[in-house]
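Engineer: Next input, structure requested:
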Amino acid sequence: MDPVMRGLAMTNCQFIRQAHNSLARPADLRGSSHAVATSTLEYAKSQKKTRRNSDSSPPKKRRKQNFGRVKKPQLASAEEDVENYHFIAYVPIDGKVWELDGLRLSGPLEVGEITSDSEDGSGRTDWMSVVRPALRRRMQSLQSNESDHVRYNLLAVVEDRYEKASDALEMLKRKRNRLESRLNEELPEVWTSQVDPSLLASRVEAFATSSQGSSSLGPTYDPEFGSQKLEMEMDILDMPARKLGEAWETCVRNAMTAKVAVEDELSNSIRTQTEQLSRTFDYEPLFQTFIICLHNEGCLGTVLPGK
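Structural biologist: So this is what the prediction gives:
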């Protein structure tokens, strides 16, 4: 499909429309509905006026108007018309970085190839080093002479931080259980006196969160969580008995840090949800009912200034 048809297809998609409107305020939805109704009425009036003028014109002229050439709308590229605001995405696919522009008729544009030099210290591919120059060029092309006029907005789709923090804590839970199982086998009734007493006293609270207890195992989100857990268990089986206590202490310390990260994400999600509900809640019926009650009780004149 061409860009216009793609836009119409997305606009008419009920799922996308509901997801988009779920973030809007009720006043914005009413305003947009009013704008659509107003533009529709104005268009109907203009069509009726054009039809009336066409009927009053001579037949030859009317025939020429009816069969005149219709100009197709031309879509300007981002370089030609910076006022045409829309989203442009950059994604890494099959070892290359692609630019996805809905207004480009030729399809995706290859930005660059991800080579072995585009890897960070952990061995993962750092595709941002390939796309960063393209982002700079586009932002520079959209800079305005006015310093306070921002003509672009940069967004990033990232992994869920709560899922990542939760998986880290769940892995530490399983690691603690496996370490304590081996300690009870190798050093029964002795290892508790050889580890840090403060860590031993806080081993229950270190793995408990506001949404889950320390003993119960919660859900995991990483598809590779099972393989990582298997590697961890194999490392513990191959670990000498003298290092089990030190590994257990490190596990409890890491759990304290992971617990803080999980609690931070939980509080952030609660705050975000509260702000979303406050922003999208429709307060207009409350205000209308309140003003009507004031009017019925004869108190509206005392509330308004100058009355």
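Engineer: now the strands for the stretch 1-150 of the chain?
Structural biologist: With DSSP state E, counting those that start in this stretch as the criterion, the stretch 1-150 of the chain has strands at 88-93, 96-101, 109-113.
Engineer: Deepest-packed of these, please.
Structural biologist: Highest mean neighbour count among the strands of the stretch 1-150 of the chain (mean count of other C-beta atoms under 10 Å): strand 96-101, with a mean of 17. Bear in mind the C-beta positions are built from the backbone N, C-alpha and C, glycine included.
Engineer: right, and the strands of the stretch 1-150 of the chain - which one's nearest residue 197?
Structural biologist: strand 88-93 (49.1 Å; C-beta to C-beta).
Engineer: So which elements touch the closest one?
Structural biologist: strand 96-101, helix 128-141 (3 or more C-beta pairs under 8 Å, 6 or more residues apart in numbering; DSSP states H and E).
Engineer: what pLDDT, on average, does the last one get?
Structural biologist: The reference is to helix 128-141. Averaging pLDDT along helix 128-141 gives 88.
Engineer: Check stretch 105-112 too.
Structural biologist: 88.
Engineer: What lies in contact with it?
Structural biologist: 2-3, 75, 90, 96-101, 130-131, 134 (C-beta atoms under 8 Å, 6 or more residues apart in numbering).
Engineer: let's see it at 6 Å
Structural biologist: 96-100, 130-131, 134 (C-beta atoms under 6 Å, 6 or more residues apart in numbering).
Engineer: again with stretch 85-103
Structural biologist: 3, 6, 75, 108-114, 127, 130-131.
Engineer: Please apply the same query to stretch 190-198.
Structural biologist: 183, 245, 249.
Engineer: Just give me the residue right at the centre of this protein.
Structural biologist: residue 157 (5.8 Å; C-alpha atoms, centre = their mean).
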